[in-house]
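> Predicted model, plus sequence, below.
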Amino acid sequence: PSLKRTTVSYPAIPPTHNHPMWMAWDFVVDVLLEKLTTLAPVGPNSPQAAAVLAEPLPFFDSQLQAFEVWLGMAQIDVTLSDAKIQPVQLPAVLHAILGARYRAQALRLVQVFFLLGDWAVDCGLKVGMGPYFVQLLGANQLHSHYLVTIWARILAFDPTFRNQVIKDSKLPFFGAMVHSGLTELRDTGSLTSLKTCTDSVMALFAISLLVDKHPQGQAVAARANIDAALLAFVVTSSTAPVPPLIVKWAIIAMAKLWGAAPATFLLDATLAAWRALQLQALSSPHPQIRAVAVCALRSTVSSLALAYLGADGVLPLRTSTEGMPPLASGRSRKRKEFLAAIPGLDEPEADLTRFFNERNVLANLLMDLLPAALFDSSSLVRHELVPLCLVVLLRFDDDLRFRGIIPHPHSVRDAFLSATATAATPRPGDRRSEAGDPVLLVAFTWHALFTLLADPFPKVVTKAVIVVRFLEYYAAALRDKLQVGGG
C-alpha cells in the first residue's frame, strides 16, 4: 500500500523519457515494421519471409558507427574528450561485445576509447564491462590484440581488478602474449611488427601490475614460466635488436615478479638473472634501462626484510623518517617499535647454503657494477643505486645486521683500500673464481653509500641521507635490544 505517500529518491533519478537511446529504438522499430509490411503479399511462412527476417536489424550497426564517429571527433576536438561525458552509445557497445558478430569491432572501439584517459576507463567500468573482459581473457586469441591494451588500461586505473584476473586463472593470457613476442624474436631475429611490439609492451606492463607485491600472482606467474620469458627478453636484447621500451618493461616486470619472493625461484635462475641485469646496467646506452636494471637487481636480492620495505625500497611500510626518535633521546620504546616494523632482519638465514652462494656470486658481480653505477652520468642510475646499497648492507653486513655496528666513513675508506690491495695481489697458485670477496663487497658498499651523500644531484643526496638515517636508527634499536637481552 502507498499509505498516501509519494516515493522519492535522493539524489533524484534523472529523467529517461528524452534519452537518445529511445530515438535509436524508434528507428529500429520503424525498420522492423517496414519489413513486416513487405511480408504481407508473400505470407509469414514463405522462404522469402524467412530470408527477410534472417537479416539482422541495424541497431548495433548504427550504434557502433555512431560511437566510431564520436571517437573520431573526440580525437580531433580536445574539448569533447576534456568534457569527460559518457557517450550514450556505451551500453549498446557493451551488449555488442557479448555477441560474436560484433565483438571484434566493439573491442577495437573500446580499445581506442580507453586510450582517451582514466575517465574513459571509469565510464566503461561503470556500465559493467569489467566482468565480461575477465571472461574474454583466453577465450579467443583472435581478439588478444585489443584485450591486452584494454586490460593494461584497466589495471593502470584500478589495480584491484588483478584479484579477479588471478582468481579466474587468467594471468597466463598475458604470459602467452610475452611468449608470442619472444617466439617472433627468435624466429626472425628482430621485432619489426608494430603490433607485436605494442602487444609485448602492454602485456609486460600488465604483468608488472598483476604480480606486484602479490604472492598468489607471483606463484601463478612462476608456474606459467613467465619469469623465463622475461629473462629471455633481457638476455636476447644484448645480441638482437629488441626495442628499448620492451627491454625496460621486461626488467620492470622481472623486478616486480621477483621482489620479496625470490626464494620461489631456483638458485641457478636467480644467478642467471643477476648476470643479465649486471650486463644491462653496465652496457646499455639507455639511462632508463641502466636504472631499472639496478632497481631490479635490488629487488631480486633475497631477504626477508625486503617484504617490509616500501615502494621506494628505502623505508619500511609502517615507519617514516618523521616517526624516528632522535638517537640521543633515549626513547627506547620508540626504537623497539621501529625495530618491530622489520621483523626477522636480525635473525639468521633459514637456508645458509643458498645465502653463501648468493653472497659470493653477488660480491663478484657488484664489484664491477658498483663503480660504474656510482659514477654513472645519469642521476637516475645513482638514485636507484642508493636502495641497492641499503639491501646489500642489510643482508650481507653481519656487523650491522646482528650487532648494530655502523662504521665511520674514514675507517670504511681505509678498509676498502686495504681490501682492494689484498684482492689485487695474487698469491702463487691462486686461480680466478667467480666467487667474490664478501668483506670487500661490504666495504665498497659502505664507501659507495657515503660517497652518494655528496652527490651533485639533490634527490640522490636526499635519498642517501634517508638511508643512512634509517641504518642509524636500526643499529641503535638493535643495540638497545641486545642490551636488554644481555648481549
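Received the coordinates, thanks.
> Point out where the stretch 101-250 of the chain drops to low pLDDT.
Across the stretch 101-250 of the chain, residues meeting the criterion (pLDDT under 70) sit at 139-140, 237-239.
> can you give me the helices in it?
Ranges of helices in the stretch 101-250 of the chain, per DSSP state H, counting those that start in this stretch, are 103-114, 118-126, 130-136, 144-157, 161-167, 172-188, 194-210, 215-223, 226-236, 244-258.
> Just tell me which of those ends up closest to A293.
helix 244-258 (5.7 Å; CB to CB). C-betas here are computed from N, CA, C, even on glycine.
> Next, the buried residues of the closest one.
245-258 (16 or more other CB atoms under 10 Å).
> Counting by contacts, list what it packs against.
helix 194-210, helix 215-223, helix 226-236, helix 267-283, helix 287-299 (3 or more CB pairs under 8 Å, 6 or more residues apart in numbering; DSSP states H and E).
> any idea which of these is most buried?
helix 287-299 (a mean of 25; mean count of other CB atoms under 10 Å).
> That one vs helix 226-236, what angle?
The directions of helix 287-299 and helix 226-236 differ by 140 degrees, with axes from the mean of the first three to the mean of the last three CA atoms, to 10 degrees as the criterion.
> Go ahead and name everything in contact with helix 287-299.
For helix 287-299, contacts defined as CB atoms under 8 Å, 6 or more residues apart in numbering pick out 244, 247-248, 251-252, 254-256, 258-260, 273-274, 277-278, 280-282, 284, 306, 313, 369, 373, 376-378, 380-381, 383-385, 387-388, 391.
> ok now that helix, how far from the chain's centre?
With CA atoms, centre = their mean, to the nearest Å as the basis, helix 287-299 stands 14 Å off its chain's centre.
> I'd like the numbering to begin with 39 instead of 1 from here.
I'll keep to 39 as the first residue from here, and by that count the last item is helix 325-337.
> so for it, what's the average pLDDT?
Taken as a whole, helix 325-337 has an average pLDDT of 90.
> pull the CA atoms of it into PDB?
These are the backbone C-alpha positions of helix 325-337, laid out as PDB (Å, rounded to 0.1, in the frame of the first residue of the first chain):
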ATOM      1  CA  PRO A 325      69.900   5.600 -18.900                       C
ATOM      2  CA  GLN A 326      66.400   4.300 -18.100                       C
ATOM      3  CA  ILE A 327      67.400   0.700 -18.800                       C
ATOM      4  CA  ARG A 328      70.500   1.000 -16.700                       C
ATOM      5  CA  ALA A 329      68.400   2.500 -13.900                       C
ATOM      6  CA  VAL A 330      65.700  -0.200 -13.900                       C
ATOM      7  CA  ALA A 331      68.400  -2.900 -14.100                       C
ATOM      8  CA  VAL A 332      69.900  -1.600 -10.900                       C
ATOM      9  CA  CYS A 333      66.400  -1.400  -9.400                       C
ATOM     10  CA  ALA A 334      65.600  -5.000 -10.500                       C
ATOM     11  CA  LEU A 335      68.900  -6.200  -9.100                       C
ATOM     12  CA  ARG A 336      67.900  -4.700  -5.700                       C
ATOM     13  CA  SER A 337      64.500  -6.400  -5.900                       C
END
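> by how many degrees do it and helix 305-321 diverge?
150 degrees.
> just to revisit the earlier point, out of the helices and strands packed on helix 282-296, flag the one nearest V126.
V126 sits nearest to helix 232-248 of all the helices and strands packed on helix 282-296, at 28.5 Å, using CB to CB.
> Determine the set of other helices and strands touching that closest one.
For helix 232-248, the packing partners by 3+ CB pairs under 8 Å, 6+ apart are helix 182-195, helix 199-205, helix 210-226, helix 253-261, helix 264-274, helix 282-296.
> mind running it again at 6 Å?
Judged by 3 or more CB pairs under 6 Å, 6 or more residues apart in numbering; DSSP states H and E, the packing partners of helix 232-248 are helix 182-195, helix 210-226, helix 282-296.
> buried sites along the helix or strand harbouring M111?
Using DSSP states H and E, M111 sits within helix 97-114. By neighbour count on 16+ other CB under 10 Å, the buried set for helix 97-114 is 97-98, 100-102, 104-106, 108-109, 112.
> What spatial separation is found between R392 and T308?
R392 sits 9 Å away from T308, going by CB to CB, to the nearest Å.
> pretty sure A410 is touching L320, no?
Yes. Counting by CB atoms under 6 Å, A410 touches L320, with 5.5 Å between them.
> quick revisit: so which of the helices and strands packed on helix 232-248 is nearest W60?
helix 182-195 (29.2 Å).
> How about the secondary structure of D493?
coil (DSSP: H, G, I helix; E, B strand; the rest coil).
> no no, D452
D452 - assigned by three-state DSSP - is helix.
> check contacts around the most centrally placed residue in the chain.
Geometric centre of the chain, nearest residue: S246, 2.6 Å, by CA atoms, centre = their mean. The neighbours of S246, taking CB atoms under 6 Å, 6 or more residues apart in numbering as the test, are 290-291, 294.
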